[in-house]
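S.K.: Let's see this in three dimensions:
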Amino acid sequence: MKYLRTPVGATQIGLAYGPGIPEFVAANPGSVDYIEIPFEQLRHSPLLASLQESVPLILHCASMSVAGFVPPTEAIVDAIVREAERMQTPWIGE
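M.R.: Residues are numbered from 1 along each chain as shown. Okay, here's the model as predicted:
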């Protein structure tokens, strides 16, 4: 597993997850420092977590949107926490 460890002051290059990202990462190893992947995508396609074998993943999470007015359920928050801990993500994007 790869985890993002950013030295202080270092610039990192990341990409948002999309359908072509697994093929891009495989064809261009080392070209990006991390992929930002939605919790919701991982929840419905758990095999995408295997991307972390070749590039660090940063968790993105629309389920906790600060722009919304409906709070997430405790079960959703617990699932997000488990995924964040597994990924060792340094932050959760929104």
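
S.K.: so what does the helix or strand bottoming out on mean pLDDT in the chain touch, helix or strand wise?
M.R.: Every helix and strand of the chain was ranked by mean pLDDT, DSSP states H and E. The lowest is strand 92-93, at a mean of 86. Packing partners of strand 92-93 (3 or more CB pairs under 8 Å, 6 or more residues apart in numbering; DSSP states H and E): strand 57-60. C-beta: built from backbone N, CA, C; applies to glycine.

S.K.: Give me the contacts around the strand it packs on.
M.R.: 4, 14, 16-17, 34-39, 49, 51, 80, 83-84, 87, 89-94 (CB atoms under 8 Å, 6 or more residues apart in numbering).

S.K.: how about the closest residue to P56 other than its chain neighbours, what does it touch?
M.R.: What sits nearest to P56 in space, not counting adjacent residues and going by CB to CB, 6 or more residues apart in numbering, is L4, at 3.9 Å. The neighbours of L4, taking CB under 8 Å, 6+ apart as the test, are Q12, D33, Y34, P56, I58, Q88, T89, P90.

S.K.: From the residues you listed, pick the one nearest P71.
M.R.: T89 (21.2 Å; CB to CB).

S.K.: Can you tell me the closest non-neighbouring residue to the closest one?
M.R.: Closest residue in space to T89, ignoring its immediate chain neighbours: L59 at 4.3 Å, by CB to CB, 6+ apart.

S.K.: pLDDT on the longest helix seen in the chain, on average?
M.R.: Counting residues, the longest helix found in the chain (DSSP state H) is helix 74-87. Throughout helix 74-87, pLDDT has a mean value of 92.
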